[in-house]
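> Predicted model and sequence follow; I will ask about them next.
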Amino acid sequence: MTAGALLPVADALAQMLAQVSAVSETEQVPLAQALDRVLAEPVLASFDVPGYDNSAMDGYAVRAAEVKAGQALTLQGSALAGHAFTAALAPQSCVRIMTGAVMPAGADTVIMQEQVRLQDGKVIADFVPKVGENVRKAGEDLKNGQQVLSAGCRLTAPQLGLLASLGIADVAVRRKLKIAIFSTGDELVLPGQPLPQGHIYDSNRVVLRAMLQRLGVEVLDLGLLPDQPEAIRQAFQRAMREADALITSAGVSVGDADYTRQILSELGQVNFWKVAIKPGKPFAFGKLENCWFFGLPGNPVAAVVTLDQLVQPVLLKLAGATVSPANQLTAVTTVTLKKQPGRADYQRGYYWATAEGLFVKTLGSQSSGMLSSIANANCYIVLPQQSGSIASGEMVTIQPFGKLLQ
Ligand SMILES: Nc1nc2c(c(=O)[nH]1)N[C@H]1C(S)=C(S)[C@@H](COP(=O)(O)OP(=O)(O)OC[C@H]3O[C@@H](n4cnc5c(N)ncnc54)[C@H](O)[C@@H]3O)O[C@H]1N2
Ligand code: MOO
Ligand SMILES: [Mg+2]
């Protein structure tokens with residue numbers, strides 16, 4: 001790469017994903033602690049679900065072939081969920097049955113109670129039901145031995161429910177990643193403190209910590225550091241000892257107090273620097289012995305976008321999770337989108353749906369210093385590296401914000 005050349009976003013991602021492999025350690029955790037954890041092994045059903053034919057409605061279990069419109073059936077007994085009717089269905093009879101109750105032997109169909117008349121203790125349907133109506137068949141959801149979840153999925157609430165429905169109380173998951181972060185900058189002040197002239201609050205660490213929490217990693221917060229190489233060096237060394245990755249914000253460009261890359265090359269290696277992404281160009285990727293390094297630019301929106309677009313997939317791979325491509329849609333822009341060719345642009349947009357399709361607009365300035373442009377947005381407008389400005393009314397690619405930004 002020639003000096004100053006920018007690595008296309010796809011190449012940067014491909015390089016990082018090719019270098020990183022998943023942590024191997026696993027642990028067994030109860031379902032109550034398994035939300036968002038990465039499943040270490042596939043899960044198979046150990047029995048059919050449902051385990052038995054059962055009713056989908058409150059009504060009457062019948063043998064469909066015997067039911068004639070207007071003809072009375074004898075009420076033989078009742079079946080409730082958890083309390084089966086144990087005898088076989090007698091001829092010309094029916095059994096009162098509730099949703100979830102085991103189908104009595106000999107019954108193949110359930111008639112909803114709203115569709116029958118009761119007369120002199122007998123049950124009369126004025127129509128002939130379809131065989132199997134309102135019956136949930138054994139194994140129709142899952143078959144014994146079937147794979148229900150694959151290794152690498154990040155467990156969602158419904159997936160935890162699926163595991164519970166199979167009687168599983170704990171699961172093997174990959175160990176949590178430990179990710180170190182810190183902020184650097186003599187201009188930075190902690191929120192809650194008075195703000196001297198010429199200073200700003202350290203917002204990046206708040207945003208990055210929250211995004212990493214959403215990613216399900218353990219955050220090692222190394223605090224707010226001054227623009228002093230020795231302080232930054234010590235933080236790097238602590239991260240090298242304790243963390244799987246170090247994510248810094250700021251100090252990766254070419255300013256006189258931008259020490260991050262210098263210390264990275266002193267203690268480890270810079271694998272690449274500068275990506276054709278806007279915002280986020282000075283992004284740096286490297287390694288410090290066993291600790292991966294991601295240097296995010298200091299501009300607050302650039303830090304968010306690069307963590308989301310460039311770092312998130314790599315951390316997911318490191319965590320052992322399956323990395324899926326981002327969900328992209330097309331929408332009509334209702335505003336002109338200014339752009340120079342040279343970097344792929346991740347403009348912050350707001351999209352909405354109408355009967356005519358999706359529409360999108362930008363929210364105010366696209367300056368990478370302005371958090372307001374992303375705080376109220378709900379998507380990126382992704383403009384390819386070589387594209388110029390886009391006129392209002394054109395179709396554009398949008399990427400609804402994912403888990404980290406919602
Ligand atoms: N001559 C050049 N100057 C710059 C270039 C360039 O290519 N040539 N790139 C610009 C781009 S693009 C970006 S992005 C920034 C990246 O800067 P750094 O990563 O070196 O970050 P800093 O210089 O330390 O700070 C930039 C900006 O961000 C603010 N900041 C930093 N940390 C925080 C924080 N924790 N919370 C809130 N805000 C933070 C800082 O005050 C600065 O305003 O470089 C351009 N310059
Ligand atoms: O990446 Mo910088 O954020 O373009 O300002
Ligand atoms: Mg700088």
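Yes, it's here. Ligands and ions are numbered 1, 2, ... in the order given.

> contacts, neighbours, all on C-alpha from now
Noted.

> how many other residues sit next to the residue nearest to A81 when sequence neighbours are not counted?
Among residues not flanking A81 along the chain, A101 sits closest, at 3.9 Å (CA to CA, 6 or more residues apart in numbering). Neighbour count for A101, taken as other CA atoms under 10 Å: 22.

> Same check on F182?
F182 is surrounded by 23 other residues when neighbours are defined as other CA under 10 Å.

> Next one: the helix or strand it falls within, is it in contact with ligand 1?
Counting by DSSP states H and E, the element that carries F182 is strand 178-184. Yes: on the criterion CA under 6 Å from any ligand atom, strand 178-184 is in touch with ligand 1 at S183.

> What segments of the stretch 201-350 of the chain are helices?
Under the criterion DSSP state H, counting those that start in this stretch, the stretch 201-350 of the chain contains helices at 204-215, 229-242, 260-267, 300-306, 312-318.

> Domains in the chain, by residue range?
For the chain, the structural domains run 9-25+175-319, 29-46+143-174, 54-136, 329-400, going by the TED database.

> end to end, how far does the longest one reach?
In other words, domain 9-25+175-319. Distances were taken as CA to CA, to the nearest Å; on that basis the terminal residues of domain 9-25+175-319 are 21 Å apart.

> Go ahead and confirm the residue nearest to A81 touches M57.
No: with contact defined as CA atoms under 8 Å, A101 does not count as touching M57 (9.2 Å).

> Assign the nearest residue to T86 once chain neighbours are set aside to helix, strand or coil.
In this structure, T86 finds its nearest non-sequential neighbour in P104, 6.7 Å apart by CA to CA, 6+ apart. Secondary structure state of P104, per DSSP: H, G, I helix; E, B strand; the rest coil, is coil.

> What are the neighbouring residues in contact with P104?
61, 79, 84-89, 95 (CA atoms under 8 Å, 6 or more residues apart in numbering).

> Considering only helices and strands, which part of this protein has the lowest mean pLDDT?
When the helices and strands of the chain are compared on mean pLDDT, DSSP states H and E, helix 372-375 comes out lowest with a mean of 90.

> now the longest strand that the chain contains: mean pLDDT?
Once the chain is assigned using DSSP state E, the strand that runs over the most residues is strand 344-354. The average pLDDT within strand 344-354 is 98.

> to the chain's geometric centre, what's the distance from that strand?
Put simply, strand 344-354 sits 19 Å off its chain's centre (CA atoms, centre = their mean, to the nearest Å).

> That strand and ligand 2 in contact?
No: applying CA under 6 Å from any ligand atom, one finds strand 344-354 out of contact with ligand 2, separated by at least 9.3 Å.

> Would you give the sheet partners of that strand, along with the direction of each?
In the sheet containing strand 344-354, its partner strands are strand 277-278 (parallel), strand 357-362 (antiparallel), strand 379-383 (antiparallel), by DSSP bridges.

> Can I get those strands in TSV including distance to ligand 3, mean neighbour count and mean pLDDT?
TSV is the format used below for the strands paired with strand 344-354 (distance: least, CA to the ion, whole Å; neighbours: other CA atoms under 10 Å; pLDDT from 0 to 100):
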stretch	distance to ligand 3	mean neighbour count	mean pLDDT
strand 277-278	16	25	98
strand 357-362	27	20	98
strand 379-383	25	23	98
